[in-house]
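**Student:** A structural model of the following input is requested.
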Amino acid sequence: MKKLLFAGAVICAAALVNLSAQAESYCQFWGLPVYDGDTATKHWRVVLGTVPREEIPGKPDRTWCHINFAFGGRGLHGNFKSFEVLEAPKTGQFHSFPWSVAYKGMKTGTDKLVVKLDWLHPFNNQPMSAIENIEIEVVDHPF
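**Tutor:** Predicted structure coming up:
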């Protein structure tokens, strides 16, 4: 099962590379799904907040990158309940919301975010949890 998920992640990564050739991108997030009791490492690449962005009508400040933990496509295989920040990033600006986090890169290099996710099993509502170590890479150019 994990091999099949890995193959899917590789295909998604290839699609991201293909899409980035068509338009500039400022935030990328990838990694394998987490399961109950897992500790997983995910990757988040963000562009430095001071790098100029393409203008999009209705989107005045595009310097922040967001991760929504409640989105079903994140691989929780159930109903999102909550998350807890165990370690906040140190070199960038960071905000936590009820279902998501936002990060703005202030200095090129690496940073880290560690969260504990809690959700309910989709069939029996059994509580489940996992830890995500999110390695953040801040770069000085769009991808």
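**Student:** residues touching the nearest residue to residue 99 once chain neighbours are set aside, list them.
**Tutor:** Of all residues beyond its chain neighbours, the one nearest residue 99 is residue 70 (3.9 Å), with distances taken as CB to CB, 6 or more residues apart in numbering. Where you see a C-beta, it was placed from the backbone N, CA and C, and this is true even at glycine. Counting by CB atoms under 8 Å, 6 or more residues apart in numbering, residue 70 touches 80, 99-100.
**Student:** and which of those residues is nearest residue 127?
**Tutor:** Taking CB to CB as the measure, residue 127 lies nearest residue 80 of those, at 12.0 Å.
**Student:** count of residues packed around the closest residue to residue 47 other than its chain neighbours?
**Tutor:** Closest residue in space to residue 47, ignoring its immediate chain neighbours: residue 26 at 4.3 Å, by CB to CB, 6+ apart. Using other CB atoms under 10 Å, the number of residues around residue 26 comes to 21.
**Student:** which residues touch residue 26?
**Tutor:** Neighbour list for residue 26: 46-47, 51, 53, 62-63, 65, 142-143 [criterion: CB under 8 Å, 6+ apart].
**Student:** and the gap between it and residue 139?
**Tutor:** 10 Å (CB to CB, to the nearest Å).
**Student:** hey, what's in contact with both of those two?
**Tutor:** Both residue 26 and residue 139 are in contact with 46-47, where contact means CB under 8 Å, 6+ apart.
**Student:** thinking again about what came up before, would CSV of the contacts of residue 26 with distance to residue 94, secondary structure and pLDDT be doable?
**Tutor:** Formatted as CSV, the contacts of residue 26 follow (distance: CB to CB, whole Å; DSSP: H, G, I helix; E, B strand; the rest coil; pLDDT from 0 to 100):
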residue, distance to residue 94, secondary structure, pLDDT
46, 11, strand, 97
47, 16, strand, 97
51, 18, coil, 95
53, 19, coil, 89
62, 17, coil, 87
63, 13, coil, 93
65, 11, strand, 96
142, 21, coil, 93
143, 21, coil, 89
